[in-house]
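In: build me a model:
(one chain, ligands or ions: 1)
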Amino acid sequence: MKKALYSGSFDPMTNGHLDIITRASKMFDKLIVGVIHNPNKVPLFTPEERVEMIKKLINDLPNVQVDCFTGLLADYVNAKKFNAVVRGLRATTDFEYEIQMAQMNAKLFNPGIESVFLMTSPEYSFISSSVIKEVVALNGKVDGLVPPVVLKEIKKKFSK
Ligand code: COA
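Out: Presented below is the predicted three-dimensional model:
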């Protein structure tokens, strides 16, 4: 059984992430969405809130589950015996960062574990969680870029 990890902050999850999840779920027997705290970012949602939102979004994908972890990604990947780590590439600017991470991870992964890259669908290539939060905070429209359940939760946060 081939098992992959798709990891990120997902603060919050966008349709760009969901697009990668849907496509990756067809490539592996099991896909785990791994929510992680990135210490370089100040999050809007707690990891628990993000996990709860993601659960609702992956409901119709039977081979996809969500988990939460801390620490080094490679430690989690080795311990849980994943076969691959999936990453999405939005633009050439992502490449520099991704190649560094993939090559560092390659040193840390147990033998045989691969980083697998999927090109983000063009309609989502310009979005990030931060830009979505910024636009919503300023009452801009993000229709089609985030799932309705996520939009509702972002608006709830900003109304407080
Ligand atoms: N569609 C839409 N947005 C996307 C996207 C896609 N397909 N792919 C990425 N993004 C967005 C993310 O939402 C994120 O937006 P933000 O910066 O506004 O939050 C941004 O692009 C960057 O995404 P990503 O590179 O996945 O960053 P991340 O913080 O979500 O995740 C980790 C990075 C957590 C995977 C990485 O830091 C990590 O592995 N950390 C663990 C510690 C570790 O092992 N470090 C050593 C690594 S060698």
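
In: from now on I want contacts and neighbour counts done on CA atoms only, so please keep to that.
Out: OK.

In: correct me, but F95 touches L89?
Out: Yes: when contacts are counted by C-alpha atoms under 8 Å, F95 is listed as touching L89 (6.9 Å).

In: so which of those two has more stuff around it?
Out: Under the neighbour definition other C-alpha atoms under 10 Å, F95 and L89 were set side by side, and L89 has more, 17 against 14.

In: tell me the pLDDT of that one.
Out: pLDDT for L89: 96.

In: what segments of the protein are strands?
Out: Shown for the chain, the strands assigned by DSSP state E span residues 3-8, 30-36, 64-69, 84-89, 114-119.

In: how about the contacts made by L44?
Out: D11, P12, K157 (C-alpha atoms under 8 Å, 6 or more residues apart in numbering).

In: for this structure, which helix is longest?
Out: In the chain, with assignment by DSSP state H, the single longest helix is helix 92-108.

In: name the residues that touch that helix?
Out: By C-alpha under 8 Å, 6+ apart, the list of residues contacting helix 92-108 from outside reads A74, D75, L89, I113, E114, S115.

In: please produce CSV containing those residues, extended by distance to I20.
Out: Output for those, formatted as CSV (distance: C-alpha to C-alpha, whole Å):
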residue, distance to I20
A74, 20
D75, 23
L89, 10
I113, 19
E114, 17
S115, 14
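
In: farthest pair in the residues you listed?
Out: Using C-alpha to C-alpha, the two most remote members of the contacts of helix 92-108 are D75 and L89, lying 23.0 Å apart.

In: how many neighbouring residues does L61 have?
Out: If you count neighbours by other C-alpha under 10 Å, L61 ends up with 13.
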